[in-house]
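> Next comes the sequence, and after it the predicted model I'd like to discuss.
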Amino acid sequence: MKTKFDIIIIGSGPNGLQAGAYLSKAGEKVLVLERRYECGGGLWTEESTFPGFFHSTHAIYMMMADFAPVYTDLQLEQVYGVKHILPDLVWAMPFEDGSSLCIYKDVERTCKSIAQFSQKDAEAYNEFYHFTKKCVDEFIGPATYMPPAGALDQIVLLQKLDFGAEMSEWSEMNALEIINAKFEDPRVKAMILYITTHWGVRYDMNALGYLVLLYFNRAHNYQLVKGGSHMVAQALNKVVHENHGIVKNNQRIKRIIIEGGEAKGVETEEGIVYEASKAVISTIDPQQTFLDLVGEENIDNGPLVDKMKNWDWEAYSLLGVHSALNERPRFTAAGSNPDVDNAEIYILGYENLQDLTDYIDAVYDGVIPEKIGFNASFPSIHDPSLAPPGKCVSQLSAMMPHDLKDGGTEKWNKYRFREEMAERMLGVLERYAPNITRDAVLQTHVSTPVDCGNMFADMQKGSIKQGMYQPLQMGYLRPHEDCSQHATPIKNLYVGGSCVYPGGCVIWGPGYLAANRVAEDYGIEKWWKQPDFITRLKDMGF
């Protein structure tokens, strides 16, 4: 059986749905194929503990909601009711002595918190914040939604900006070098190192400093989605269907059909053929796309094949402990700063910089750290619709190895081990919030690094961004220099997932850029306008 479409998109995660929404609204006949029974990918909200407790068990924070064109282009808030929540206190790091460090959306209040530990660090933070804000507002943010330039070209272009030379210098450094150069207090350093490396920037890896600048700035802008992160996926799904596109679930794809060196469509495991008159866009990981679905025999590009065979997956994944609580946490540190009880995100378990670097070293070595640390969030404090009255939704999320040195991946499947890890993490929470005893925990759902890979097939080895962030897999080289601008060496085949520039963490870049590239290549009239921040950069020659 054959069915014809203009454009076929593999994967209905945030990037697949976004590309489908743009192109279907442009009048194209779009088909989005999804392996799972529900669209959204990491934008996943479920009642995984008890009915009435809604947990966003994967993607929960939207760090680029103020930049991403998708929100304004598709009027997700005005028409589809997508609402974001940005609490006054974004990050809190309580310590066992009852003190705390806080990052507010307001930088002055943040500096006052830091000044408790070091006046020098407070002044350095204020200076660095305004520098990184300029970098993000005028270059890194806009560049997220523009095709990438080669590394050398970008260095030349950056010289046109008054902060470009300094940004280039920081970009060549690693996270720990930057933080040691700017700050002195070990607690301040620990908090800043955590927020700038948690999403996969190894603290001792050079040439990723620009991501440190981005995450430092974004720490003031992590937003929750009202009703859970899946609300964004639902909105995009509606846009596709309202524009006569189709999203099909439970679709196991056997191959991308290649004829005469061109992508012609896809075939499912059941033998159903979907033909594409224009383009096939894959938003899944590069190994599945090129090695499994296209096949080496159809790729006339040896370096691309070699790169995919040697693709670096992330050395760590996430262990999530999602709980239904009988009450909201009350932190000991709120005794000295009542704001602490109302933070959006908590960093728990690290008392200083050494604790954090020891933890990260252990994880990258495949070992469960002796001292457990993680970030925690209790979204129902800010969005009461997520839990029954008086109750609370809890998410504890720890960096953990996917393949354990002691026990491999199979150890994560053992019930007692999973429960033991959940108990250890809940024990850390109780140290900082004594009211959350075991009696306060009504039910817990554990999501391990192996579960992550099993649930989302494109996150192989639990890789939450479809591949490690390292210099040879970033920018113009992500996933390969012949694919980073979203077209591939195979005619009519495009890529648009987290494995492609600009990367993962639901920043809404890959799907947007893939839709733009397809529209340009096939003469599809764009109904959306180029954002002003991109126009300004292009006028400068970028």
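On my side now, so go ahead.
> can you list the residues that contact the lowest-mean-pLDDT helix or strand in the chain?
Least confident helix or strand, the chain: helix 151-158 with a mean of 86, by mean pLDDT, DSSP states H and E. Under the contact criterion C-beta atoms under 8 Å, 6 or more residues apart in numbering, helix 151-158 has outside partners 139, 148, 149, 164, 165, 167, 168, 475, 476, 541, 542. Where C-beta positions appear, they are placed from N, C-alpha and C, glycine not excepted.
> got the contact list for residue 414?
Not one residue lies near residue 414 by C-beta under 8 Å, 6+ apart.
> Identify each buried residue in the helix or strand hosting residue 453, please.
Assessed by DSSP states H and E, residue 453 sits inside helix 449-455. Using 16 or more other C-beta atoms under 10 Å as the test for burial, helix 449-455 gives 449, 450, 451, 452, 453, 455.
> number of nearby residues for residue 77?
14 (other C-beta atoms under 10 Å).
> in what helix or strand does it lie?
Residue 77 belongs to no helix or strand, assigned by DSSP H and E.
> hang on, isn't it packed against residue 70?
No - if you go by C-beta atoms under 8 Å, residue 77 and residue 70 don't touch, sitting 11.1 Å apart.
> and the strand or helix carrying residue 399, C-alpha only, in PDB?
Residue 399 belongs to strand 392-400 when assigned by DSSP H and E. Taking C-alpha atoms only, strand 392-400 is exported to PDB below (Å, rounded to 0.1, in the frame of the first residue of the first chain):
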ATOM      1  CA  CYS A 392       2.900  18.200  45.800                       C
ATOM      2  CA  VAL A 393       4.600  16.900  42.700                       C
ATOM      3  CA  SER A 394       8.300  16.200  43.100                       C
ATOM      4  CA  GLN A 395      11.100  15.600  40.600                       C
ATOM      5  CA  LEU A 396      14.700  14.700  41.600                       C
ATOM      6  CA  SER A 397      17.000  14.500  38.600                       C
ATOM      7  CA  ALA A 398      20.600  13.200  39.000                       C
ATOM      8  CA  MET A 399      23.400  12.800  36.500                       C
ATOM      9  CA  MET A 400      24.200   9.100  36.400                       C
END
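> so for that strand, what's the average pLDDT?
Mean pLDDT, strand 392-400: 98.
> helices or strands next to it in the packing?
Contact here means 3 or more C-beta pairs under 8 Å, 6 or more residues apart in numbering; DSSP states H and E; on that basis strand 392-400 packs against strand 55-56, strand 317-325, helix 353-364, strand 374-377, helix 415-432.
> okay, these in TSV with mean neighbour count next?
Shown next, in TSV, are these (neighbours: other C-beta atoms under 10 Å):
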stretch	mean neighbour count
strand 55-56	26
strand 317-325	25
helix 353-364	18
strand 374-377	23
helix 415-432	17
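> Can you add distance to residue 404 and mean pLDDT and give the ones you listed back as JSON lines?
Shown next, in JSON lines, are the helices and strands packed on strand 392-400 (distance: least, C-beta to C-beta, whole Å; pLDDT from 0 to 100):
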{"stretch": "strand 55-56", "distance to residue 404": "25", "mean pLDDT": "98"}
{"stretch": "strand 317-325", "distance to residue 404": "11", "mean pLDDT": "98"}
{"stretch": "helix 353-364", "distance to residue 404": "10", "mean pLDDT": "97"}
{"stretch": "strand 374-377", "distance to residue 404": "17", "mean pLDDT": "98"}
{"stretch": "helix 415-432", "distance to residue 404": "9", "mean pLDDT": "98"}
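> Put together a markdown table for the ones you listed, with distance to residue 83 on each row.
Formatted as a markdown table, those follow (distance: least, C-beta to C-beta, whole Å):
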| stretch | distance to residue 83 |
| --- | --- |
| strand 55-56 | 14 |
| strand 317-325 | 22 |
| helix 353-364 | 33 |
| strand 374-377 | 17 |
| helix 415-432 | 28 |
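> and residue 198, which of those is closest to it?
Proximity to residue 198 (C-beta to C-beta) singles out strand 374-377 among the helices and strands packed on strand 392-400, at 6.8 Å.
> ok, that closest one: who's next to it in the sheet?
strand 345-348 (antiparallel), strand 392-400 (antiparallel) (DSSP bridges).
> which other helices and strands contact the helix or strand that the helix holding residue 453 is followed by?
Next along the chain after helix 449-455, taking DSSP H and E as the criterion, comes strand 493-495. Packing partners of strand 493-495 (3+ C-beta pairs under 8 Å, 6+ apart): strand 273-282, helix 510-521.
> out of those, nearest to residue 337?
Short answer: helix 510-521, nearest of these by C-beta to C-beta, at 39.2 Å.
> Could you tell me how far the closest one lies from the centre of the chain?
From the chain centre to the centre of helix 510-521 is a distance of 20 Å (C-alpha atoms, centre = their mean, to the nearest Å).
> Just list what it packs against, helices and strands only.
When contacts are defined as 3+ C-beta pairs under 8 Å, 6+ apart, helix 510-521 sits against helix 14-25, helix 69-73, strand 273-282, strand 493-495.
> Give the buried residues for it.
Within helix 510-521, the residues that count as buried by 16+ other C-beta under 10 Å are 510, 511, 512, 513, 514, 515, 516, 517, 518, 519.
> Next, the angle from it to strand 273-282.
110 degrees (axes from the mean of the first three to the mean of the last three C-alpha atoms, to 10 degrees).
> Could you list the low-confidence segments of the stretch 1-150 of the chain?
Residues of the stretch 1-150 of the chain that meet the criterion pLDDT under 70 lie in 1.
> quick one: the strands in it?
Per DSSP state E, counting those that start in this stretch, the stretch 1-150 of the chain carries strands over the ranges 2-10, 30-33, 45-46, 55-56, 84-85, 89-94, 100-104.
> Quick one, which of those strands gets closest to residue 436.
Minimum separation from residue 436 across those (C-beta to C-beta) falls at strand 89-94, 12.8 Å.
> ok, the closest one: who's next to it in the sheet?
strand 100-104 (antiparallel), strand 345-348 (parallel).
> quick check: angle from that strand to helix 415-432?
90 degrees.
> re earlier: which stretch among the helices and strands packed on strand 392-400 comes nearest residue 527?
Proximity to residue 527, assessed across the helices and strands packed on strand 392-400 by C-beta to C-beta, is greatest for strand 55-56 (30.5 Å).
> Show me what the closest one is in contact with.
Strand 55-56 is contacted from outside by 43-49, 225, 228-230, 322, 379, 393, 395, 445, using C-beta under 8 Å, 6+ apart.
> try it again with 6 Å
The contact list for strand 55-56 (C-beta atoms under 6 Å, 6 or more residues apart in numbering) reads 45, 48, 228, 229, 322, 393.
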